[in-house]
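S.K.: sequence and predicted model, in that order:
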Amino acid sequence: MTDLAKDHTGLTDTFASRRYFRKFETISLHLLRVAANMEAEGAIGRDEVKTISRYLSGLLYTFRALSMKYLLVGRDTGRFFGSLAMDKRDSGFPVATELMTMANDAQQAARHLEGMPSEAALKDEMVQTIIGDREIPTKLQFALSQRLYYEELVKGNLFWARNDPECHWMGNAGERRQFLLHWAVYDSQVNLPVIYLMRLEDSGREALPKDQRRWPECQAHLMAQSLGALKLVTIAKGFDADFDDLHPKHLRRIHVGPMYSSAFTEQTGPLRQVLEDAAAPEGQDWALAWTMEELESERVTEERSGWFGTVDREVFALDPFGGRGAETGATHTHRAIILPQRPFQVLAERNPPGFSDVRKFVVSEAGQVLRY
């Protein structure tokens, strides 16, 4: 057993906490641009990019909400409210319990807002405290930060610890309906957001999202199998075996992270040294890994079902190069890294082993994205 507390740290300093959230807001905006670049080069289809961008936007809103919650961390607010717990070793992201707590807060956000003064009233009271009492209105600032936090939660569209499957019709293939299923989780083992997309064909009598029997079972099955430790081929084969009239043709899994930062994380490996040598200014001392796994159906076989029936079963193609298919459980695995210009220059100069087949997306403060 490992002591997870040793890998987690609380951001108890006000300025460090705000730098951390600014960094992730910047990274989230760059991720949306990188997704658009992937669509432009044909790596991801337009429908999938829209879905991925929605989850990435959700991450942006989640970090924005947490930044409000912990805006006054390290200040004497009159009550102890803790500090953001982040995974300093495995991911650089907040620990999963932060998102679980946020989901619970969201259920009660409207009730909290009803019992709080309005934003305008709090600001007026702050001005009176500053001018009349000549004091810093820390407690009022804290009250306003919590109001803004709950307002962000009420707006919705955040990335939660569990983002249940949704189903979108994509057309017909002969007599079969085609659907795009997508869902996402915040992997509590490594504290990273993971996005899933599955294209399938439906040969059932009723369309999958309208089927009151199959659709809830399908959602529960997919969420139960959304574990980073499971190979894609294991997930797809289990789904194919459990649903005779649902035929998964393509499964994609995207791991967003880890995030490396010389200021906040303690990961080991070449990127750690690259960031230290780059000595980049604040806001540019980071790198984000992005891993995309794909599993494709290669052909279909028939299998007996009952006394006289048969069902289609998918045979999935595994990576044929170097015998890695059985190891990865995927048809293709694409690794990428997103980083600012100065760390990229150091990475290019050092050229550490293992990075030759990693796509590099270099981002600028102006929003440009270059691919290498």
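M.R.: Good, I have the coordinates. Please read these numbers as outputs of a predicted model, since none were measured by experiment.
S.K.: per the record, what domains does the protein have?
M.R.: Listed by automatic domain parsing, the domain ranges of the chain are 4-155, 162-371.
S.K.: want to try CSV for those domains, with mean neighbour count and mean pLDDT as columns?
M.R.: To be clear about C-beta, it is placed using only N, CA and C from the backbone, and glycine gets the same treatment. Listed next are the domains of the chain as CSV, based on neighbours: other Cβ atoms under 10 Å; pLDDT from 0 to 100:
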stretch, mean neighbour count, mean pLDDT
domain 4-155, 17, 88
domain 162-371, 17, 89
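S.K.: how about the helices in the stretch 1-150 of the chain?
M.R.: 14-40, 46-69, 96-107, 109-114, 119-128, 138-155 (DSSP state H, counting those that start in this stretch).
S.K.: can these go into TSV with extra columns for distance to residue 358?
M.R.: Output for these, formatted as TSV (distance: least, Cβ to Cβ, whole Å):
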stretch	distance to residue 358
helix 14-40	14
helix 46-69	19
helix 96-107	27
helix 109-114	41
helix 119-128	45
helix 138-155	34
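S.K.: between those, which gets nearest to residue 294?
M.R.: Closest of these to residue 294 is helix 46-69, at 10.9 Å (criterion: Cβ to Cβ).
S.K.: which elements pack onto the closest one?
M.R.: Using 3 or more Cβ pairs under 8 Å, 6 or more residues apart in numbering; DSSP states H and E, the elements in contact with helix 46-69 are helix 14-40, helix 96-107, helix 138-155, strand 162-173, strand 176-187, strand 192-202, strand 246-261.
S.K.: CA atoms only: put it into PDB for me.
M.R.: Below are the C-alpha coordinates for helix 46-69, written out as PDB (Å, rounded to 0.1, in the frame of the first residue of the first chain):
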ATOM      1  CA  ARG A  46     -15.400  17.400 -36.500                       C
ATOM      2  CA  ASP A  47     -18.100  15.700 -34.400                       C
ATOM      3  CA  GLU A  48     -15.500  14.300 -32.000                       C
ATOM      4  CA  VAL A  49     -13.600  17.600 -31.700                       C
ATOM      5  CA  LYS A  50     -16.900  19.300 -30.700                       C
ATOM      6  CA  THR A  51     -17.400  16.700 -28.000                       C
ATOM      7  CA  ILE A  52     -13.800  16.900 -26.800                       C
ATOM      8  CA  SER A  53     -13.900  20.700 -26.800                       C
ATOM      9  CA  ARG A  54     -17.000  20.500 -24.600                       C
ATOM     10  CA  TYR A  55     -15.200  18.500 -22.000                       C
ATOM     11  CA  LEU A  56     -12.100  20.700 -22.200                       C
ATOM     12  CA  SER A  57     -14.300  23.800 -21.700                       C
ATOM     13  CA  GLY A  58     -15.800  22.000 -18.700                       C
ATOM     14  CA  LEU A  59     -12.300  21.600 -17.300                       C
ATOM     15  CA  LEU A  60     -11.800  25.300 -17.700                       C
ATOM     16  CA  TYR A  61     -15.000  26.100 -15.900                       C
ATOM     17  CA  THR A  62     -14.100  23.600 -13.100                       C
ATOM     18  CA  PHE A  63     -10.800  25.400 -12.500                       C
ATOM     19  CA  ARG A  64     -12.500  28.700 -12.600                       C
ATOM     20  CA  ALA A  65     -14.900  27.600  -9.900                       C
ATOM     21  CA  LEU A  66     -12.200  26.200  -7.700                       C
ATOM     22  CA  SER A  67     -10.200  29.400  -8.100                       C
ATOM     23  CA  MET A  68     -13.100  31.300  -6.600                       C
ATOM     24  CA  LYS A  69     -13.500  28.800  -3.800                       C
END
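S.K.: how close does residue 272 get to residue 353?
M.R.: Residue 272 sits 15 Å away from residue 353, going by Cβ to Cβ, to the nearest Å.
S.K.: so in terms of bridging, what pairs with the residue nearest the centre of the chain?
M.R.: Nearest to the geometric centre of the chain sits residue 193, at 3.0 Å (Cα atoms, centre = their mean). Counting by DSSP bridges, residue 193 forms beta bridges with residue 186.
S.K.: before we move on, what SS does residue 239 have?
M.R.: Three-state assignment for residue 239 (DSSP: H, G, I helix; E, B strand; the rest coil): helix.
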